[in-house]
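# sharing a sequence plus its predicted fold:
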Amino acid sequence: MCFKYINPNTPHWLPKPPGTVASYSNEGSALAALVVERVSNMSYSVYVKEKILKPLGIDISKVGVRLSDFKDTVDLVKHYAYAPNESYLKRWNQQIPQLNIEQMPGNLSNWLYIPHFSFSAYPAGLLRMSARTLSIYLRMFLSNGSSILRPRSIAQMRTVVGGGLIPTYNPNSANDSSDQEHPSEFGLSWYWQTMQDGRRYIGHSGLMPGMLHLMLINEKHNLGVIILSNADATSPNDLSREIGETGINIHMSLFKCFDAGPAHGLA
């Protein structure tokens with residue numbers, strides 16, 4: 001998949017010189033994972049487990065990118081999407097038929113069941129784990145690297161590429177800019193966002209069918225909040241918008257509650 005996108009004879013390149021615009025890229029994450037595989041001679045999923053998660057004391061039997069990584073999949077969270085009418089199921093199955101999405105029976109017929117799925121660019125967002133397990137990794141970040149990274153590496157991850165002067169690529173405008181009042185500022189995988197409370201946070205979000213996740217750290221680098229959910233925010237309806245706003249509101253409430261003291265912590 002990566003070689004398909006980096007082939008210079010394909011239409012997958014932005015019509016801009018490198019370094020002149022910023023654009024979020026799942027394929028970029030997958031390409032970085034490919035580099036890791038070539039250098040380490042290990043699959044990326046194994047590398048993450050052996051070189052990152054296991055040194056942090058994480059039980060790698062409880063994390064994975066494939067269902068076969070788990071001895072028992074019964075406890076894995078199931079995914080759903082709200083469908084106010086039959087057209088939603090039809091649209092889902094037209095756009096992504098490979099997911100085999102089904103309508104729930106009986107009085108739950110306004111909900112769709114989304115079976116577990118995968119995709120080729122899995123390094124961009126398919127590592128399954130609990131919020132408690134992910135918090136161990138986040139504590140490493142709050143501790144400036146702990147045992148697996150040097151503090152300068154954490155500092156590089158937090159540093160905005162281009163000093164915040166690189167505009168966001170806008171395919172619908174001749175002038176690259178962002179329609180957002182406070183556009184994201186990208187570091188290395190992590191990115192900064194000015195939220196509704198006027199403060200800057202660094203972290204990462206995740207959005208896929210039947211999944212909505214957000215992990216943020218405050219600017220003082222002493223408090224982090226993780227919310228992993230099986231809510232769907234991809235459908236074009238008011239409920240999807242409300243779900244996204246609710247997740248952000250929960251984050252802001254937790255930061256407001258716990259961001260008064262000097263101690264490191266997670267909410």
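Thanks, I have the structure now.

# can you give me the helices in the stretch 101-250 of the chain?
Assigned by DSSP state H, counting those that start in this stretch, the stretch 101-250 of the chain shows helices spanning 131-142, 151-158, 238-258.

# residue contacts, the nearest residue to residue 78 once chain neighbours are set aside?
The shortest distance from residue 78 to any non-neighbouring residue, by CB to CB, 6 or more residues apart in numbering, is to residue 230 (6.5 Å). Where you see a C-beta, it was placed from the backbone N, CA and C, and this is true even at glycine. Counting by CB atoms under 8 Å, 6 or more residues apart in numbering, residue 230 touches 77, 78, 79, 80, 210, 211.

# switch the cut-off to 10 Å
Contact partners of residue 230, counting by CB atoms under 10 Å, 6 or more residues apart in numbering, are 76, 77, 78, 79, 80, 81, 114, 210, 211, 212, 213.

# quick check, pLDDT for it.
At residue 230, the model reports a pLDDT of 93.

# and residue 174, by the same measure?
pLDDT, residue 174: 61.

# could you give the separation of stretch 64-76 from the chain centroid?
19 Å (CA atoms, centre = their mean, to the nearest Å).

# span of it from start to end?
11 Å (CA to CA, to the nearest Å).

# buried residues, it. List them.
By 16 or more other CB atoms under 10 Å, the buried positions in stretch 64-76 come out as 64, 65, 69.

# could you do stretch 118-137 as well?
Buried-residue list, stretch 118-137, by 16+ other CB under 10 Å: 121-129, 133-137.

# can you add distance to residue 153 and give those residues back as CSV?
CSV is the format used below for the buried residues of stretch 118-137 (distance: CB to CB, whole Å):
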residue, distance to residue 153
121, 24
122, 23
123, 18
124, 21
125, 21
126, 24
127, 20
128, 25
129, 22
133, 22
134, 19
135, 20
136, 18
137, 14
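
# closest to residue 40 among those?
The shortest approach to residue 40 among these belongs to residue 123, at 13.3 Å (CB to CB).

# my guess is that closest one contacts residue 36. True?
Yes: applying CB atoms under 10 Å, one finds residue 123 in contact with residue 36, separated by 8.5 Å.

# anything in contact with each of the two?
44, 48.

# before we move on, the earlier item: narrow the contacts of residue 230 to those in strands?
79, 80, 81, 114, 211, 212, 213 (DSSP state E).

# please pick the buried ones from those residues.
Buried residues within the ones in strands among the contacts of residue 230, counting neighbours by 16+ other CB under 10 Å: 79, 80, 81, 114, 211, 212, 213.

# show me what counts as buried in stretch 228-245.
228, 229, 231, 232, 233, 234, 235, 237, 240, 243, 244.

# tell me how far residue 256 lies from residue 223.
The gap separating residue 256 from residue 223 is 11 Å, by CB to CB, to the nearest Å.

# between those two, which one's more packed in?
Neighbour comparison, residue 256 and residue 223: the larger count goes to residue 223, with 22 against 11 (by other CB atoms under 10 Å).

# adding distance to residue 141 and pLDDT, write the buried residues of stretch 64-76 out as CSV.
Converted to CSV, the buried residues of stretch 64-76 look like this (distance: CB to CB, whole Å; pLDDT from 0 to 100):
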residue, distance to residue 141, pLDDT
64, 21, 94
65, 21, 92
69, 23, 92
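
# which residues in the stretch 51-200 of the chain form strands?
Remark: strands assigned in the stretch 51-200 of the chain by DSSP state E, counting those that start in this stretch are 79-82, 102-103, 111-114, 185-186, 191-194, 200-208.

# just for the stretch 151-267 of the chain, where's the confidence low?
Along the stretch 151-267 of the chain, the model assigns pLDDT under 70 to residues 173-183, 260-267.

# list the buried residues of stretch 36-47.
Quick answer for stretch 36-47 (16+ other CB under 10 Å): 44, 45, 47.
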